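J.: model this:
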Amino acid sequence: QVAYIGKGGLMYDLGERVPGSTEVVNKYLKTGYLWETVRVKNGAYGAFSALSGSSGMFMMVSYRDPNFVKTLEAYDAAADSLFDEATTVLVENDGAALTKAIIGTIGDLDGSAMSARDTGWESLLRWLQGQSPAMRQQFRDEVLATSTTGFTDFAMRLK
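T.: Here you go, the predicted model:
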């Protein structure tokens, strides 16, 4: 027996700005902790997390997961893992793991070159959401400036 197993909630209140550092932490969480704990150790086919910048909602989800209880326990332990890693793994080797997470996040944000159709669609979505170029630049700057404080702030909200 396998199932989708998810857990989530509101991390940021309506109207509260979600900083760019959260994108880095989320990337690190889904490619590190969730992958290792839920996918590799607990045997789920996959696991991911997502944070909506517009609603402030955060969720962690696994799929084809045979370990309902262990996965929920892993979700509950995610904040503690982020606290621990902010003072160990992320600062070792001159912050190599943190730099890797930032670079990976920028790669996700930039993606590959878009077609004219996709560029138009993306522009429409940004306009509908009220995202100015200055707002997007600020978010990008926050991604690039992410420090271990961003991880501990995220973990505090996740608790």
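J.: need the longest helix for the chain.
T.: helix 68-87 (DSSP state H).
J.: ranges for the helices of the chain?
T.: According to DSSP H, the helices that the chain contains are 21-28, 34, 68-87, 96-110, 116-128, 133-144, 148-158.
J.: and these, which is most packed in?
T.: Highest mean neighbour count of the helices of the chain: helix 34, a mean of 26 (counted as mean count of other CB atoms under 10 Å). (Glycine included, C-beta is placed from N, CA and C.)
J.: mind checking how far that helix is from the chain centre?
T.: 11 Å (CA atoms, centre = their mean, to the nearest Å).
J.: what packs against that helix?
T.: Contacts defined by 3 or more CB pairs under 8 Å, 6 or more residues apart in numbering; DSSP states H and E place helix 34 against strand 46-51.
J.: as a whole number, average confidence for the strand it packs on?
T.: For strand 46-51, mean pLDDT rounds to 96.
J.: Give me the sheet partners of it and which way each runs.
T.: Taking DSSP bridges as the criterion, strand 46-51 pairs within the sheet with strand 57-65 (antiparallel).
J.: ok and the strand it pairs with relative to helix 21-28, angle-wise?
T.: Orientation check (axes from the mean of the first three to the mean of the last three CA atoms, to 10 degrees): strand 57-65 against helix 21-28 gives 10 degrees.
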